[in-house]
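Participant: Here's a sequence, model it:
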Amino acid sequence: MRMRNLYRKPTTLRCNAGSRCYSASAVIWSLLGCLLLFHLYSNIHHKHGEGREVQLRASNHPQFRELQQVEEEIIQLPPQKGKRSPRAAKRRHKRVTPLVDEFLDEDSRLRHVFFPGNNSAIDPVKVTGNDSYYYYPGRIWLDTDRNPIQAHGGGILYDERSNTYFWYGEYKDGLTYRAHKRGAARVDIIGVGCYSSKDLWTWKNEGIVLAAEEMNGTHDLYKSNVLERPKVIFNDKTRKYVMWMHIDDVNYTKAAVGIAISDTPDGPFEYLGSQRPHGYESRDMTVFKDEDGVAYLIYSSEENNVLHIGPMTEDYLNLMPVMRRVFVGQRREAPAVFKHQGTYYMITSGCTGWAPNEALAHAAESILGPWETLGNPCVGGNKMFRIATFLAQSTFVLPLPGFSGSFIFMADRWNPSDLRDSRYVWLPLIVEGPTHHSSEYISRLPLWSRVSIYWHRKWRLPQGWSTFK
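Facilitator: Numbering: from 1, shown residues only. Predicted structure coming up:
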């Protein structure tokens, strides 16, 4: 939690004792300083002591410490070909890293490194014993029917009524194409996929909970339009499950949000329509439900130059007139918001289409801001990996019950040439200790805890973690 500077009104002392007066003044000022520091320390200890103790106990868990160990990646890039395609040259001109340039090259000899084949797929049904519950970022992940999970750009809802996690995301199982010669890679809308799990590792396919419109070309969900980044939250008052998503047309000019509702987490969801939030265009977006039940929409707007944040109405079906503009001119998208010990955190990416770029972590006392940037949270791999967010883009941050300060960072490793083969990159995210990114902290106490996303080729959750909140 951010601590504000404390000021005291200066005291005037009158004395005729010369140097003795000066000495007395110094003693008094020293005592006042000590009292001020003691008061400040007491406030910090009282406000954060309990949470810190929980966090330290979690950090002392052997497997928790394992999550903080980093792995290095040595990727030998092939020598540059004599002549690259104009698209590759254009990408180099935009100062992408050589690794990203290779990642985007459909003819790269390293495609098997970025997108491992079927023979290394994660199959929770088949794997047993000590090999169970391991996440392998970037590998194909199979559901209980042994089909690749289709939940891209998604998020997870923990349903307290059924003690079950529900993972919603874009069901991208169609062919990748370009609507226009210079248009972005895309697939037709199939709908929002839903998967359920008790352990966050074995996922059952619950089917398409919001389906595309096959016949009505004027409908928001018509198959040639765009549906991205669906997120679901539960409204405790209306007892409805509410889905918000990015809705666009084939040319990405509609730039709106869509809303759908359901009586059950596994759908089907009823589509209610779309709107431009606060009258502005909206593209990459997410939602966040706070501890007091107030929900917020966070979305990229103004040609992706600004992020907007605003509270929803009590039924979560509309927005209040309150809105804040943050990260003005910084071109951030793919927001993922979470909260720890009263502080709000956010992970964002830059705007480079399907190409990966450098993630940034941000923090704020209020979700409406002001927000401060902490820097790149990625740890491990290699430098090129870190400035490309491990070749992935943020979509959601999931709290890990039972371990204070521990989260799962969910990201997508997009495959621009075959979007249905895009992969999931789940990694441990830990909020712990003071940050050192900002020079603002040099002359006063740290304002925020450090946010770290640790690279692992293989990892699993600590034994004994509680599945249920």
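Participant: excluding its backbone neighbours, what's nearest residue 320?
Facilitator: residue 311 (4.7 Å; Cβ to Cβ, 6 or more residues apart in numbering). C-beta coordinates here come from the backbone N, C-alpha and C atoms, glycine included.
Participant: Residues in a beta bridge with the one you found, which ones?
Facilitator: On the basis of DSSP bridges, residue 311 takes part in beta bridges with residue 296.
Participant: OK, contacts around it?
Facilitator: Neighbour list for residue 311: 294-296, 319-320, 322 [criterion: Cβ atoms under 8 Å, 6 or more residues apart in numbering].
Participant: Residue 390 - how many residues pack around it?
Facilitator: Other residues near residue 390 number 23, with proximity taken as other Cβ atoms under 10 Å.
Participant: tell me the contacts of it?
Facilitator: 137, 356, 378, 381, 411, 413, 425, 427, 453, 455.
Participant: Regarding it, what is its secondary structure?
Facilitator: Following DSSP: H, G, I helix; E, B strand; the rest coil, the label given to residue 390 is helix.
Participant: what does stretch 126-146 contact?
Facilitator: 114-118, 120-125, 148-149, 195, 199, 201-205, 390-392, 413, 421, 423-427, 455-461.
Participant: Please determine how far residue 287 is located from residue 365.
Facilitator: 20 Å (Cβ to Cβ, to the nearest Å).
Participant: Narrow the contacts of stretch 126-146 to those in helices?
Facilitator: Members of those lying in helices (criterion: DSSP state H): residue 114.
Participant: chain center to stretch 224-234, what's the gap?
Facilitator: In terms of Cα atoms, centre = their mean, to the nearest Å, the centre of stretch 224-234 is found 16 Å from the chain centre.
Participant: what comes up buried for it?
Facilitator: 225-234 (16 or more other Cβ atoms under 10 Å).
Participant: and what of stretch 177-189?
Facilitator: 185-189.
Participant: Next: stretch 393-409.
Facilitator: So, applying 16+ other Cβ under 10 Å, buried residues of stretch 393-409: 393-400, 402-409.
Participant: average model confidence for it?
Facilitator: Stretch 393-409 shows a mean pLDDT of 92.
Participant: Repeat that for stretch 274-288.
Facilitator: 98.
Participant: Please export the C-alpha coordinates of that stretch as PDB.
Facilitator: Extracted as PDB, the C-alpha positions of stretch 274-288 are listed here (Å, rounded to 0.1, in the frame of the first residue of the first chain):
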ATOM      1  CA  SER A 274     -23.400  -4.200 -27.800                       C
ATOM      2  CA  GLN A 275     -22.400  -0.700 -27.000                       C
ATOM      3  CA  ARG A 276     -19.500   1.700 -27.200                       C
ATOM      4  CA  PRO A 277     -18.700   2.200 -23.500                       C
ATOM      5  CA  HIS A 278     -18.900   5.800 -22.400                       C
ATOM      6  CA  GLY A 279     -19.400   6.700 -26.100                       C
ATOM      7  CA  TYR A 280     -15.800   5.600 -26.900                       C
ATOM      8  CA  GLU A 281     -14.400   2.900 -29.100                       C
ATOM      9  CA  SER A 282     -13.300  -0.200 -27.200                       C
ATOM     10  CA  ARG A 283     -11.000  -3.000 -28.300                       C
ATOM     11  CA  ASP A 284      -8.900  -5.200 -26.000                       C
ATOM     12  CA  MET A 285     -10.800  -5.300 -22.700                       C
ATOM     13  CA  THR A 286     -11.200  -7.100 -19.300                       C
ATOM     14  CA  VAL A 287     -13.500  -6.900 -16.300                       C
ATOM     15  CA  PHE A 288     -12.700  -6.900 -12.600                       C
END
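Participant: roughly how far apart are residue 213 and residue 230?
Facilitator: In terms of Cβ to Cβ, residue 213 sits 16 Å off from residue 230.
Participant: just for this structure, where's the confidence low?
Facilitator: 1-63, 81-96, 435-446, 464-469 (pLDDT under 70).
Participant: for it, what spans make up the helices?
Facilitator: Counting by DSSP H, the helices of the chain are 19-59, 62-67, 86-93, 98-104, 111-114, 383-386.
Participant: mind checking how far stretch 410-425 is from the chain centre?
Facilitator: On Cα atoms, centre = their mean, the centre of stretch 410-425 falls 15 Å from the chain's centre.
Participant: And for stretch 156-174?
Facilitator: 16 Å.
Participant: Show me which residues of it are buried.
Facilitator: 156-159, 164-173.
Participant: Just send those back as CSV, with distance to residue 371 too.
Facilitator: Listed next are these as CSV, based on distance: Cβ to Cβ, whole Å:
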residue, distance to residue 371
156, 23
157, 25
158, 26
159, 30
164, 33
165, 28
166, 29
167, 27
168, 26
169, 26
170, 27
171, 32
172, 31
173, 37
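Participant: which pair in those residues spans the largest distance?
Facilitator: 158 and 173 (26.1 Å; Cβ to Cβ).
Participant: Which residues are in contact with the most centrally placed residue in the chain?
Facilitator: Centroid check for the chain by Cα atoms, centre = their mean gives residue 336 as the closest residue, at 3.0 Å. Neighbouring residues of residue 336 by Cβ under 8 Å, 6+ apart: 286, 346-348, 394-397, 409-410.
Participant: Restricted to strands, list those.
Facilitator: 286, 346-348, 394-397, 409-410 (DSSP state E).
Participant: now, which of those sits nearest residue 66?
Facilitator: Using Cβ to Cβ, the ones in strands among the contacts of residue 336 come closest to residue 66 at residue 409, 16.2 Å.
Participant: Need the nearest residue in space to the closest one, chain neighbours excluded.
Facilitator: residue 429 (4.0 Å).
Participant: The one you found reaches residue 451, doesn't it?
Facilitator: Yes - using Cβ atoms under 8 Å, residue 429 is in contact with residue 451, at 6.8 Å.
Participant: domains in the protein, as residue ranges please.
Facilitator: With domains defined by automatic domain parsing, the chain comprises 53-82+332-469, 149-329.
Participant: First residue to last residue on the longest one, what's the distance there?
Facilitator: Yep, that's domain 149-329 we're talking about. With Cα to Cα, to the nearest Å as the measure, domain 149-329 spans 36 Å from end to end.
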